[in-house]
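# Attaching a predicted model along with its sequence, questions to come.
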There are 2 protein chains.
Amino acid sequence: MRNVTKENITETFTGYFGDDTDPRVKEVLSSLAHHIHEFVRETKLTHDEWRKGLEFLEWAGKITSPERNEFVLLSDVLGMSSLVDMMHSTPEATSSSVLGPFHVSNPPPLEIGGDMKRDFEGEVVVVEGRVKDMSGNPIAGAELDIWQTAPNGMYSSQDPEQDIHSFHALMTTDANGRYAFTTVRPVSYTVPDDGPVGEILRAAGRHPWRPSHLHFVVKAAGHRDLVTEVFAADDPYLDEDTVFGVREDLVMTYVPQPAGSFPDGYALSGQVADSFARVDFDFVLPAA
Amino acid sequence: MRNVTKENITETFTGYFGDDTDPRVKEVLSSLAHHIHEFVRETKLTHDEWRKGLEFLEWAGKITSPERNEFVLLSDVLGMSSLVDMMHSTPEATSSSVLGPFHVSNPPPLEIGGDMKRDFEGEVVVVEGRVKDMSGNPIAGAELDIWQTAPNGMYSSQDPEQDIHSFHALMTTDANGRYAFTTVRPVSYTVPDDGPVGEILRAAGRHPWRPSHLHFVVKAAGHRDLVTEVFAADDPYLDEDTVFGVREDLVMTYVPQPAGSFPDGYALSGQVADSFARVDFDFVLPAA
């Protein structure tokens, strides 16, 4: 007769696997059970705390919709999403970082030098750079899927006032691997904190802010996709991104350009203000 | 600037706590983050697996209702619920075990020797015993909240054919700490396996069966509540309860009583068949 005890429960769990269970399923579930059990043992989790945790998950389930995924957000603020990214980053390539929930399908194509800001006002920025392989060679025809917040701190899918394609663009690099576009500086913003994740943040004495960033998914034949974000060097939340997205190599500097100067290389189709900021950021794609 | 890495992310997480965060919140969340991070590192969890896990939680959220809590079930089949029970069991008292989702409020009172089976047919059982304190003294006036499956394998709250109070009873011990009732033998049954938890069980090569058991919540002044289950010694699933509820001291033996014998001690109000089974089980309540 199996006498389940607090000492043998993990072993009992792994003893329940079928003989022909997929080895990876065994590996993942065994590790999951081991760590859940250790968590309960280490904290001597009480019934009340266990119940609270389950109510939390129920609430997260109820608040989750196609527009808002509280489980992804939970994974984000616990650092889990970032850690999964980092486990699969290639050290010789640009770091990957959190995809987030605001990507849209079929972003509108934008020619190199094009204008992503349209009619929005804000601090005008010219973002340019190159996509390269791990040996430093430029990659022609690489595809950059780019998105960011509007100046009101909202992504298009959060904001009924915005067109779904606002601040979204798809750009293809030229023969020299170059890309360039004008936009306005994305703003720092808070993750949704009116649900269970917000309660955790408050209980932990944490704020819900993310530092200003631009999202990129960069793809090229013969390379692994790079899902990443690029942060502003002077953002006050750079040191304490609530979703743990910041990596040393993902910080870009906004260099002020005085009135009268003009970006070279590409004719910019967007209106560049009398003075503007310039950002130079190169992506290195991981080999396939 | 904070450069979050896969090595320092746990430390970064604990560094985010506010100065006046409740120490227990810090302890529980730190342990949770540590173990989630270790799980990701250990398994090198892929983005696809991470996404699958999140879809699983979303699905669990959708299927959860007041009648069915898939998160509790998940905790049960991972052994988490049982481990929380065991962490707070008192070794000198009867072991606690999974409460489960089928308890009802306001169970109908039943006099000692009363009949819980009503009109249901099955293997007739007389269950009797005493409630004692940790020194072995009988506890008078202890309250036993008792429930079990009907012979069709369903609890009243799962079965539109049953009255909500069917196979639920509330009994108070006499001056000698005794309780006794007639019922029919509860059957082994499966946990709901048509949702995400069922998918996990199938992927793990596990069955969804629980061995036959009677549920008890036993309460008495000056003692901690005991939430427990008592299992049949000859059940084929005793060694592999899918929710890890079986403890050595929670196994009771159904002793066949030949036709013509009669239980002594209490006049039994329920009809006792020509032959029946008898179970003797004493509860030892943990001191307050």
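It's in.
# quick one, helices of chain A?
A:9-15, A:23-43, A:47-63, A:70-77, A:80-87, A:196-203 (DSSP state H).
# Chain B: which of those helices is closest?
Evaluated over these, closeness to chain B peaks at helix A:47-63, with 1.8 Å, by CB to the nearest CB. For every residue, glycine as well, the C-beta is placed using N, CA and C.
# Reformat the helices of chain A as JSON lines; add mean neighbour count, mean pLDDT and distance to chain B.
Listed next are the helices of chain A as JSON lines, based on neighbours: other CB atoms under 10 Å in any protein chain shown; pLDDT from 0 to 100; distance: least, CB to the nearest CB, whole Å:
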{"stretch": "helix A:9-15", "mean neighbour count": "17", "mean pLDDT": "96", "distance to chain B": "5"}
{"stretch": "helix A:23-43", "mean neighbour count": "18", "mean pLDDT": "98", "distance to chain B": "4"}
{"stretch": "helix A:47-63", "mean neighbour count": "17", "mean pLDDT": "96", "distance to chain B": "2"}
{"stretch": "helix A:70-77", "mean neighbour count": "24", "mean pLDDT": "96", "distance to chain B": "4"}
{"stretch": "helix A:80-87", "mean neighbour count": "24", "mean pLDDT": "96", "distance to chain B": "4"}
{"stretch": "helix A:196-203", "mean neighbour count": "18", "mean pLDDT": "97", "distance to chain B": "5"}
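# Distance to B:S157 for those - can I get that in TSV?
Formatted as TSV, those follow (distance: least, CB to CB, whole Å):
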stretch	distance to B:S157
helix A:9-15	28
helix A:23-43	27
helix A:47-63	18
helix A:70-77	28
helix A:80-87	35
helix A:196-203	26
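# Tell me which residues touch A:H207, please.
A:T190, A:L201, A:Y237, A:E240, A:T242 (CB atoms under 8 Å, 6 or more residues apart in numbering or on different chains).
# The last one is in contact with A:R210, isn't it?
If I follow you right, that is A:T242. Yes - using CB atoms under 8 Å, A:T242 is in contact with A:R210, at 6.0 Å.
# So what sits opposite A:M252 in the bridge?
The residues listed as beta-bridge partners of A:M252 by DSSP bridges are A:A232.
# for A:D145, same thing?
Applying DSSP bridges, one finds that A:D145 bridges with A:L170, A:V217.
# what's the pLDDT at it?
We have a pLDDT of 98 for A:D145.
# who's in contact with the most centrally placed residue in chain A?
Geometric centre of chain A, nearest residue: A:V98, 2.3 Å, by CA atoms, centre = their mean. Residues in contact with A:V98 (CB under 8 Å, 6+ apart) are A:D76, A:S81, A:S82, A:D85, A:E229, A:V243, A:F244, A:G245.
# mind listing what the second one touches?
Pointing back at A:S81 there. For A:S81, the contacting residues are A:V72, A:S75, A:V98, A:V243, A:F244, B:W50, by CB under 8 Å, 6+ apart.
# Is the first one in contact with A:L99, as I believe?
No - distance between A:V72 and A:L99: 9.1 Å, which falls outside the contact criterion (CB under 8 Å).
# roughly how far apart are the residue nearest to the centre of chain A and chain B?
11 Å (CB to the nearest CB, to the nearest Å).
# Excluding chain neighbours, what is closest to that residue?
A:G245 (4.7 Å; CB to CB, 6 or more residues apart in numbering or on different chains).
# now for the helices of chain A, which one comes closest to B:R68?
B:R68 lies closest, by CB to CB, to one member of the helices of chain A: helix A:47-63, at 11.3 Å.
# Out of the contacts of A:V98, flag the one nearest to B:S156.
A:D76 (41.7 Å).
# how about the closest one, what does it touch?
A:S82, A:V98, A:G100, A:V191, A:T242, A:V243, A:F244.
# quick revisit: what's the burial count for the residue nearest to A:V98?
Neighbours of A:G245 under the rule other CB atoms under 10 Å in any protein chain shown: 26.
# roughly how far apart are it and A:E67?
A:G245 sits 21 Å away from A:E67, taking CB to CB, to the nearest Å as the criterion.
# Look up how far A:D22 lies from the nearest residue to A:G18 once chain neighbours are set aside.
Spatial nearest neighbour of A:G18, excluding adjacent residues (CB to CB, 6+ apart): B:G205 at 1.8 Å. Remark: distance between B:G205 and A:D22 (CB to CB) = 9 Å.
# and what of A:G79?
28 Å.
# how about the residues of the stretch 151-288 of chain A near chain B?
When proximity is defined by CB under 8 Å from any CB of the partner chain, the stretch 151-288 of chain A lies next to chain B at A:200, A:203-206, A:233, A:238-242, A:244-248, A:251.
# Repeat the analysis, applying 10 Å as the threshold.
A:200-207, A:211, A:227, A:231, A:233, A:235, A:237-251 (CB under 10 Å from any CB of the partner chain).
# among these, which are in strands?
The strands, defined by DSSP state E, take in A:V227, A:F231, A:V251 from those.
# Now tabulate the residues you listed in CSV and tack on distance to A:T43, pLDDT and neighbour count.
Shown next, in CSV, are these (distance: CB to CB, whole Å; pLDDT from 0 to 100; neighbours: other CB atoms under 10 Å in any protein chain shown):
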residue, distance to A:T43, pLDDT, neighbour count
A:V227, 34, 94, 20
A:F231, 34, 96, 24
A:V251, 36, 95, 19
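# contacting residues around the residue nearest to A:V98?
Residues in contact with A:G245 (CB atoms under 10 Å, 6 or more residues apart in numbering or on different chains) are A:76, A:79, A:81-82, A:85, A:95-100, A:210-211, A:213, A:215, A:228-229, A:231, B:4.
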